[in-house]
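Chemist: no FASTA, just this:
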């Protein structure tokens, strides 16, 4: 969500992939927020791929070049240094991206290349979301097992499920602190 706050505070730059529908100039409205959060949480969906592709394609030529990707990765390097993480050189990241996507031309990546790859959302996490990048790099065995158990779920489905559980647990804690006798029961979780 740290990315969200940075984008909400920006005015015209975050409107590059999609012009805001809000009547307040430079401000994100509800519809804009929903489109953004769907794109953020499921970067491998078609709308997510198109959204983030347009963010990186600085010159609008339909090609993601190493220079464009490096421009965004520089911010990730800065974040890694601030968090005392060992920085990963862009050259290594570029090799990883090329290996993941397998573009027709290794000098650039097209939207078509990304749409043909199951791991394409991870490219945008590498460039924009340090927490998801680190999670991808560390490959949490619990998350891998979840994905294998139900491969039909999208990243959005998994996000919505986690948030539902988190919010229901917060509600249960509030009820308990108010003297309510209700106790959280796992069998009442949503079936997804």
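Modeler: Yep, that arrived. Just so it is clear, the model here is predicted, and its values are computed rather than measured.

Chemist: use CA for all of it now, contacts and neighbours both
Modeler: Will do.

Chemist: give me the distance from stretch 68-85 to the chain's centre.
Modeler: In this view, stretch 68-85 has its centroid 16 Å away from the chain centroid, taken as Cα atoms, centre = their mean, to the nearest Å.

Chemist: give the buried residues for it.
Modeler: The neighbour-count criterion (16 or more other Cα atoms under 10 Å) identifies 68, 69, 70, 72, 73, 76, 77, 80 as the buried residues of stretch 68-85.

Chemist: show residues contacting it.
Modeler: Outside of stretch 68-85, the residues that reach it under the criterion Cα atoms under 8 Å, 6 or more residues apart in numbering are 56, 57, 58, 86, 87, 88, 90, 126, 127, 128, 129, 130.

Chemist: highest neighbour count among those residues?
Modeler: Neighbour counts for those (other Cα atoms under 10 Å) peak at residue 56, which has 24 neighbours.

Chemist: tell me the secondary structure at the nearest residue to that one once chain neighbours are set aside.
Modeler: By the measure of Cα to Cα, 6 or more residues apart in numbering, the closest residue to residue 56 outside its immediate chain neighbours is residue 68, 6.2 Å from it. Classification of residue 68 by DSSP: H, G, I helix; E, B strand; the rest coil places it in helix.

Chemist: tell me the contacts of the residue nearest in space to the middle of the chain?
Modeler: Using Cα atoms, centre = their mean, the residue of the chain that lies closest to the mean C-alpha position is residue 40, 3.9 Å off. Counting by Cα under 8 Å, 6+ apart, residue 40 touches residue 48.

Chemist: hmm, residue 120 and residue 114 touching each other?
Modeler: Yes. Using Cα atoms under 8 Å, residue 114 is in contact with residue 120, at 5.3 Å.

Chemist: anything in contact with each of the two?
Modeler: Common contact partners of residue 114 and residue 120 (Cα under 8 Å, 6+ apart): 49, 101.

Chemist: look at the residue nearest to residue 56 and report its pLDDT.
Modeler: The score at residue 68 is 94. That number is its pLDDT.

Chemist: same thing with the one 4 residues further on?
Modeler: On the pLDDT scale, residue 72 is placed at 92.

Chemist: gap between it and residue 162?
Modeler: When Cα to Cα, to the nearest Å is the yardstick, residue 72 and residue 162 sit 28 Å from each other.

Chemist: repeat that for residue 69.
Modeler: For residue 69, the distance to residue 162 - Cα to Cα - is 30 Å.

Chemist: immediately after the helix or strand of the chain with the lowest mean pLDDT, which helix or strand?
Modeler: In the chain, no helix or strand scores lower on mean pLDDT, DSSP states H and E than helix 2-9, which sits at a mean of 42. Following the chain from helix 2-9 toward its C-terminal end, the next helix or strand by DSSP states H and E is helix 30-41.
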